[in-house]
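Colleague: Sharing a model prediction with you, sequence too.
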Amino acid sequence: MIRVGIIGARGVGAIHAAVLAALPEVEVTTIAGTTPASAAAAARRLGVPRWTADLTELVSKVDAVHVCSPNDQHFEAVRLALAAGKHVLCEKPLTLTPDQADVLAATALQHGGITAVAYNYRYSVLVPRLRRLVSDGRLGEVHTIRASYLQAWGLEGRQSWRSDPARTGRSRVLSDIGVHLLDLVEFVGDTHFEALNTTFTGLSRTDPRCDDVAMATARSGDGIGLSFVASQISAGHANSLTISVDGRSASAEWSLTDAEVVTVSAAVPGLRTDVHAPASVAGEFWRAEPSPDSARRALFTDFYSAVATGTRPSRLPTFADGARHVRIVAAASEALTSRPQGGNDDSALSA
């Protein structure tokens, strides 16, 4: 039985605990919280036998560590776990700064255990099929990828650690959901981007510090163009993620809100629906609707398969992936002036 400790008992940490409870040969044995009282309450709520506010104690009692604390606490928690020789799965973003991320990525290369960043959307049920359409040449030469990730919670005016750039990162929207979108685009396109040309906007149209929305373009080293939007103030969108891939022969699209369908569209020579555009035929790849958290469960299954066998699946996100995304976000965030620090510490040790 693989013993697992979770650092960060609320928010996404509780989701990790629930998903891990369904995996065979894995047991969450210890929870770490901000204080002994908060850790004990979380452990009772999640049915975990041990709790602590001491990260060193947690690390000493487990085989693998899930880091689910606020972004500014990732670096020290991961570094501690790696130094103790533990397997580590860290929530995104890997760290706040490129220097920290590079240290962890370099350490992971020398580390005997398994490390990964929790980019779960690449494990969504039909995303591998979309990737194969690209890699098998079914779309022809890919020239453009368009993607969007839309949420609405920024309209609610809630304050938490995510409101504080010292804790969440210079750009909240990129650190929170932009990195997920960037990872998904790179995974599907089997490509890497090194920089984003980014414009930020938000509820305050005149405040240059406002980053509720990030609109970006980029070009990969192999010439693929990227256009994406990440927004946390899009009314009516609880968690809407869409990616479209355009090739010379066909285009394909997948959306998290219709996760069991990939739609492929291709021009039909000689047929027109009107005088302005060629007709297109759409083919849909379909399978049973995925269960909630199926992508996260698939990610965890890959991670613990690697822990058990020592063989790392190629799909598992690496610390090098996480570090590259931290560098991209840091550079893009230079477009923002310094923001005043604020927010309440009501979600400490939760992500």
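Modeller: On my side now, so go ahead.

Colleague: hey, where'd the strands end up in the chain?
Modeller: 2-7, 26-32, 50-52, 64-67, 87-90, 115-117, 142-150, 197-201, 213-219, 225-231, 240-247, 251-255, 261-272, 278-286 (DSSP state E).

Colleague: got a list of contacts for the fifth one?
Modeller: It refers to strand 87-90. By Cβ atoms under 8 Å, 6 or more residues apart in numbering, the residues outside strand 87-90 that reach it are 63-67, 74, 77-78, 81-82, 108, 113-118, 300, 303, 307, 319, 322. Using the backbone N, CA and C atoms, a C-beta is placed for each residue, glycine as well.

Colleague: returning to what we had before: make CSV from the strands of the chain and add distance to Tyr123 and mean pLDDT to it.
Modeller: Formatted as CSV, the strands of the chain follow (distance: least, Cβ to Cβ, whole Å; pLDDT from 0 to 100):
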stretch, distance to Tyr123, mean pLDDT
strand 2-7, 18, 98
strand 26-32, 17, 97
strand 50-52, 29, 97
strand 64-67, 16, 98
strand 87-90, 13, 98
strand 115-117, 11, 98
strand 142-150, 16, 98
strand 197-201, 27, 94
strand 213-219, 24, 97
strand 225-231, 20, 97
strand 240-247, 13, 97
strand 251-255, 13, 95
strand 261-272, 15, 74
strand 278-286, 17, 66
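
Colleague: For the ones you listed, could you give me a markdown table that also reports mean neighbour count and distance to Ser163?
Modeller: Listed next are the strands of the chain as a markdown table, based on neighbours: other Cβ atoms under 10 Å; distance: least, Cβ to Cβ, whole Å:
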| stretch | mean neighbour count | distance to Ser163 |
| --- | --- | --- |
| strand 2-7 | 24 | 22 |
| strand 26-32 | 24 | 23 |
| strand 50-52 | 20 | 27 |
| strand 64-67 | 26 | 21 |
| strand 87-90 | 26 | 22 |
| strand 115-117 | 27 | 23 |
| strand 142-150 | 21 | 19 |
| strand 197-201 | 18 | 16 |
| strand 213-219 | 19 | 16 |
| strand 225-231 | 21 | 16 |
| strand 240-247 | 20 | 22 |
| strand 251-255 | 21 | 29 |
| strand 261-272 | 14 | 36 |
| strand 278-286 | 12 | 40 |
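
Colleague: Let me have the ones you listed in TSV, adding distance to Asp102 as columns.
Modeller: Converted to TSV, the strands of the chain look like this (distance: least, Cβ to Cβ, whole Å):
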stretch	distance to Asp102
strand 2-7	22
strand 26-32	25
strand 50-52	30
strand 64-67	17
strand 87-90	14
strand 115-117	14
strand 142-150	26
strand 197-201	21
strand 213-219	21
strand 225-231	23
strand 240-247	28
strand 251-255	32
strand 261-272	35
strand 278-286	38
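
Colleague: Any idea which of the ones you listed gets closest to Phe187?
Modeller: strand 240-247 (9.7 Å; Cβ to Cβ).

Colleague: does Val4 really touch Asp63, like I thought?
Modeller: Yes - assessed by Cβ atoms under 8 Å, Val4 is found in contact with Asp63 at 7.2 Å.

Colleague: if we can go back for a sec, quick one: closest of the strands of the chain to Ala295.
Modeller: Here strand 240-247 is closest among the strands of the chain (Cβ to Cβ), at 10.8 Å.

Colleague: How far does the closest one sit from its chain's centre?
Modeller: Relative to its chain's centre, strand 240-247 lies at 16 Å (Cα atoms, centre = their mean, to the nearest Å).

Colleague: Can you list the strands that that strand pairs with?
Modeller: Applying DSSP bridges to the sheet, strand 240-247 is found paired with strand 142-150 (antiparallel), strand 251-255 (antiparallel).

Colleague: Make JSON lines from those and add distance to Ala295 to it.
Modeller: Output for these, formatted as JSON lines (distance: least, Cβ to Cβ, whole Å):
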{"stretch": "strand 142-150", "distance to Ala295": "14"}
{"stretch": "strand 251-255", "distance to Ala295": "12"}
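
Colleague: so which of those strands gets nearest Leu203?
Modeller: strand 142-150 (14.8 Å).

Colleague: got the angle between the closest one and strand 225-231?
Modeller: Comparing the axes of strand 142-150 and strand 225-231 via axes from the mean of the first three to the mean of the last three Cα atoms, to 10 degrees yields an angle of 0 degrees.

Colleague: How about residues contacting strand 142-150?
Modeller: Identification of contacts with strand 142-150 by Cβ under 8 Å, 6+ apart yields 134, 177-178, 180-181, 184-185, 188-189, 223-231, 234, 237, 240-248.

Colleague: can we see that at 6 Å?
Modeller: 134, 177, 181, 185, 189, 224-231, 234, 237, 240-247 (Cβ atoms under 6 Å, 6 or more residues apart in numbering).

Colleague: How about stretch 195-210?
Modeller: So stretch 195-210 is contacted by 211-218, 233, 328, 331-332, 335-337, 339 (Cβ under 6 Å, 6+ apart).

Colleague: Tell me the spacing between Gly47 and Leu196.
Modeller: The span separating Gly47 from Leu196 equals 42 Å under the rule Cβ to Cβ, to the nearest Å.

Colleague: More neighbours: which of the two?
Modeller: Leu196 (22 against 10; other Cβ atoms under 10 Å).

Colleague: Now do the contacts for Glu27.
Modeller: Taking Cβ under 6 Å, 6+ apart as the test, what Glu27 contacts is Met1.

Colleague: ok, so what distance separates it from Tyr304?
Modeller: On the measure of Cβ to Cβ, Glu27 and Tyr304 end up 11 Å apart.
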